[in-house]
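Participant: Okay, sequence plus prediction incoming.
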There are 2 protein chains.
Amino acid sequence: MISFTETLSIIKQGIQDIYYPEQPSNLYTPISYLLDLKGKKVRPALTLLTYNLYKENIKEALPMALAWEIFHNFTLMHDDVMDNADVRRGQPTVHKKWDENTAILSGDSMLILAYQYALKSPAKDIRALLNLFSKTAMEICEGQQYDMEFEFRSDVTEEEYLKMIRLKTAVMLGGASQSGAMIAEASEKDSQALYDFGINLGLAFQIQDDILDVYGNSSVFGKNIGGDILCGKKTYLLTSAMSLSDKNTRKELIDWLNYKEEGKEKIKIEAVTAIYDKLLIKEKAYSKKESFYEKALQALDEVSVPDNKKEVLRKLAADLMERNS
Amino acid sequence: MISFTETLSIIKQGIQDIYYPEQPSNLYTPISYLLDLKGKKVRPALTLLTYNLYKENIKEALPMALAWEIFHNFTLMHDDVMDNADVRRGQPTVHKKWDENTAILSGDSMLILAYQYALKSPAKDIRALLNLFSKTAMEICEGQQYDMEFEFRSDVTEEEYLKMIRLKTAVMLGGASQSGAMIAEASEKDSQALYDFGINLGLAFQIQDDILDVYGNSSVFGKNIGGDILCGKKTYLLTSAMSLSDKNTRKELIDWLNYKEEGKEKIKIEAVTAIYDKLLIKEKAYSKKESFYEKALQALDEVSVPDNKKEVLRKLAADLMERNS
């Protein structure tokens, strides 16, 4: 059994070993630039760890692990263009460092590169593996589409929000987990259980992110607290606050979200947070997160391998739940 | 044996039969919008026709044929964003009719959809088929990158230009031709010969396009004559004129290309055309086109099927060479 830390060095080495043609360098350099920025590497680690529940030859799962990491970074490259984001992982985004066309075309190449890595997998049923990858990829595009559409709506329900993050965030953790099991030729039942593990972990992960944005410690979180509130982003906190509040409080909340006065950002964040506090949103979000976390652990329980082998995945899940950045 | 016209109705029906989820409609509607615009459908036809050299059950090659057509339209959707083009096939481009973010994200979904169709192919060696598809797709991104970089250079050589159109245009015709043979389980030698057929046809096709832009009949061509000259686009005509001209003529040519006075477009086009005429560029381009066309036919000769079966591909190639739109 390998540990999460060991998977990280295998993944890092795998990223180093990606071959890029020398020319055209403006197509390939932005890809390695983005992949080399530090990130959590949760998705590729899940593929290696679920494979390792069944088999020892981790190298067999590495191409698929890298496919998820490359795909994830492709979505970041294009999302940053669509969201007009300046900074990613503390560094300039690709379209800021180069330009939009570069980010579009290098992103396209990354999506193809992700498929090329998935195709290297020594899976018996490569078609099933790539169908899982494609279905997941398409769902992530759907999630991004909903996320962009939510920006222009103030009536997004908690249910709609959960559907969106399932697509945009959770399915990739589900797919990454399932794919490791598939390459290891696990049973259909185990594969499905690991998919459910990843999905629920992903949902809990995203709600944790939403909580940290408001209640985190900015020096640890790595982003400014209240960023989601400032740009009126739909989050679990906001959509559940909207559903829990009475007519007056909802109006107050919408008024604050539309409030754009410069220099008054702190007041806006404090006001919205005060409404959240009054509605006990932090507690509600924690309890929702916990319920997804519980479901993830239950799904893991269903997997037919000796319990001690699952410890590393349980530890990873627990660490993700307790993280503060 | 089916005819080119018969392939067109099969492809058209295949495009009609693509299933799109109802939601999010802003992700899927632009895909069907672009696929429904009229186009030549040369790429998918090549896949069906090369398959048909060996086998009769055309339906087996249809998913792969559609994969190429969807991929081709994905490149158009993103290229139109990068080139800031307003019109495609006589209709507004996706990023003009919707917006840039829509064109980026729907384009991404199209690339994934193309893979989903390729994956439906009943090919014995699905991995080899998808590797061909991925390699081709990556080369096309490289071609687009070079094409964009050429825009800022006035020293692009004829050789560089030919390399660029090989990547941007020809490899897709090569890949589409080879894939039909692969699905039909043709020999390695035949597959390769059909790839070469497609590549050379693609090169001839692009040079024909370059010629038509200057020497075509605007009412038939469907675009205004001289469009490439006006925007200083690197073409076979321009790069070979640069290499054939003496120092003075080259300076004259560059000066005209930098000439941007409004209302004087006609003068600019006439002046550059006059230089081309003086250098016998039209004749040179025709002869280059013919030499690629000849190579395509020679490659087709190498294919080990009865000669009469090749007639439909020869006819398609001849029609493409004689087309004036």
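Facilitator: Arrived safely.

Participant: list the contacts for residue A:49?
Facilitator: For residue A:49, the contacting residues are A:2, A:4, A:7, A:180, A:312, A:313, A:316, by C-beta atoms under 8 Å, 6 or more residues apart in numbering or on different chains. Every C-beta, even on glycine, is put in place using the N, C-alpha and C of the backbone.

Participant: so the fifth one makes contact with residue A:1?
Facilitator: Yes. Shown here, residue A:312 and residue A:1 form a contact pair, counting by C-beta atoms under 8 Å, at 6.3 Å.

Participant: Once you drop chain neighbours, what's closest to residue A:275?
Facilitator: residue A:253 (5.5 Å; C-beta to C-beta, 6 or more residues apart in numbering or on different chains).

Participant: can you check residue A:177 too?
Facilitator: Residue A:177's closest residue in space is residue A:198 (C-beta to C-beta, 6+ apart), at 3.4 Å.

Participant: That neighbour: what's it in contact with?
Facilitator: A:46, A:170, A:173, A:174, A:175, A:176, A:177, A:178, A:296.

Participant: Quick check: the last one touching residue A:205?
Facilitator: In this case it means residue A:296. No. Using C-beta under 8 Å, residue A:296 is not in contact with residue A:205; the gap is 9.5 Å.

Participant: so where does the residue of chain A most remote from its centre fall, helix or strand?
Facilitator: Distance from the C-alpha centroid of chain A, by C-alpha atoms, centre = their mean, peaks at residue A:248 (34.6 Å). Here residue A:248 sits within helix A:247-258, counting by DSSP states H and E.

Participant: List the contacts of that helix.
Facilitator: A:154, A:229, A:232, A:238, A:241-242, A:245, A:268, A:271-272, A:275, A:278-279.

Participant: Buried residues, the very next helix or strand once past that helix. List them.
Facilitator: Downstream of helix A:247-258, the next assigned helix or strand under DSSP H and E is helix A:265-278. Residues of helix A:265-278 classed as buried by neighbour count (16 or more other C-beta atoms under 10 Å in any protein chain shown): A:265, A:268, A:269, A:271, A:272, A:273, A:275, A:276.

Participant: And the pLDDT at the spatially most central residue of chain A?
Facilitator: For chain A, the residue sitting closest to the mean C-alpha position, by C-alpha atoms, centre = their mean, is residue A:169 at 4.3 Å. Residue A:169 carries a pLDDT score of 97 in this model.

Participant: Not including adjacent chain positions, what is the nearest residue to it?
Facilitator: residue A:206 (4.7 Å).

Participant: any idea which helix or strand carries that neighbour?
Facilitator: helix A:188-215.

Participant: Check the average confidence over that helix, would you?
Facilitator: 97.

Participant: Residue numbers of the stretch 1-150 of chain A in contact with chain B?
Facilitator: A:21, A:23-24, A:26-27, A:78, A:81-82, A:101, A:104-105, A:107-109, A:111-113, A:115-116, A:119, A:126-127, A:130-131, A:134, A:137-138, A:141-142, A:144-146, A:148-149 (C-beta under 8 Å from any C-beta of the partner chain).

Participant: next helix or strand past whichever helix or strand residue A:159 is part of?
Facilitator: Assigned by DSSP H and E, residue A:159 belongs to helix A:158-165. For helix A:158-165, the following helix or strand on the C-terminal side (DSSP H and E) is helix A:171-183.

Participant: which of the residues in that next one are buried?
Facilitator: A:171-183.

Participant: what does stretch A:307-320 contact?
Facilitator: A:1-4, A:42, A:45-46, A:49-50, A:52-53, A:197, A:201, A:204-205, A:208, A:293, A:296-297, A:300, A:303.

Participant: Mind doing that once more with 7 Å?
Facilitator: A:1, A:3-4, A:42, A:45, A:49, A:53, A:201, A:205, A:293, A:296-297, A:300, A:303 (C-beta atoms under 7 Å, 6 or more residues apart in numbering or on different chains).

Participant: now do the same end-to-end measure for stretch A:45-64.
Facilitator: 11 Å (C-alpha to C-alpha, to the nearest Å).

Participant: Quick one: mean pLDDT over it.
Facilitator: Stretch A:45-64 carries an average pLDDT of 98.

Participant: With stretch A:109-120 instead?
Facilitator: Average pLDDT, stretch A:109-120: 98.

Participant: Mind listing what's buried along it?
Facilitator: Neighbour-count burial for stretch A:109-120, counted by 16+ other C-beta under 10 Å, picks out A:109, A:110, A:111, A:112, A:113, A:114, A:115, A:116, A:117, A:118, A:119, A:120.

Participant: Which residues does that stretch contact?
Facilitator: Contacts of stretch A:109-120 (C-beta under 7 Å, 6+ apart): A:27, A:31, A:63-64, A:66-67, A:70-71, A:73-74, A:77, A:129-130, A:133, B:108, B:111, B:115, B:127, B:130-131, B:134, B:137-138, B:141.

Participant: change it to 8 Å
Facilitator: Here stretch A:109-120 makes contact (C-beta under 8 Å, 6+ apart) with A:18, A:27-28, A:31, A:34, A:63-64, A:66-68, A:70-71, A:73-74, A:77, A:126, A:129-130, A:133, A:137, B:108, B:111-112, B:115, B:127, B:130-131, B:134, B:137-138, B:141.

Participant: Would you pull up how far that stretch lies from the middle of the chain?
Facilitator: 19 Å (C-alpha atoms, centre = their mean, to the nearest Å).

Participant: Also stretch A:133-151?
Facilitator: For stretch A:133-151, the distance to the chain centre is 12 Å (C-alpha atoms, centre = their mean).

Participant: Name the residues of it that come out as buried.
Facilitator: A:133-134, A:136-150.

Participant: now swap in stretch A:244-253 and tell me
Facilitator: Those would be A:244, A:245, A:250, A:252, A:253, for stretch A:244-253 by 16+ other C-beta under 10 Å.

Participant: show me what contacts the first one?
Facilitator: I take that to be residue A:244. So residue A:244 contacts A:279, A:281, A:284 (C-beta under 8 Å, 6+ apart).

Participant: so who does the residue of the stretch 201-325 of chain A found nearest chain B touch?
Facilitator: Closest contact between the stretch 201-325 of chain A and chain B, by C-beta to the nearest C-beta, is at residue A:234 (14.7 Å). Contact partners of residue A:234, counting by C-beta under 8 Å, 6+ apart, are A:147, A:150, A:151, A:153, A:156, A:161, A:164.

Participant: Go again with 7 Å.
Facilitator: A:150, A:156, A:161.

Participant: can you check residue A:299 too?
Facilitator: With C-beta under 7 Å, 6+ apart, residue A:299 has these contacts: A:193, A:196, A:197, A:200.

Participant: now it: how far from residue A:139?
Facilitator: 19 Å (C-beta to C-beta, to the nearest Å).

Participant: Please apply the same query to residue A:316.
Facilitator: 23 Å.

Participant: Now intersect the buried residues of stretch A:109-120 with the helices, please.
Facilitator: Judged by DSSP state H, helices contain the following of the buried residues of stretch A:109-120: A:109, A:110, A:111, A:112, A:113, A:114, A:115, A:116, A:117, A:118, A:119.
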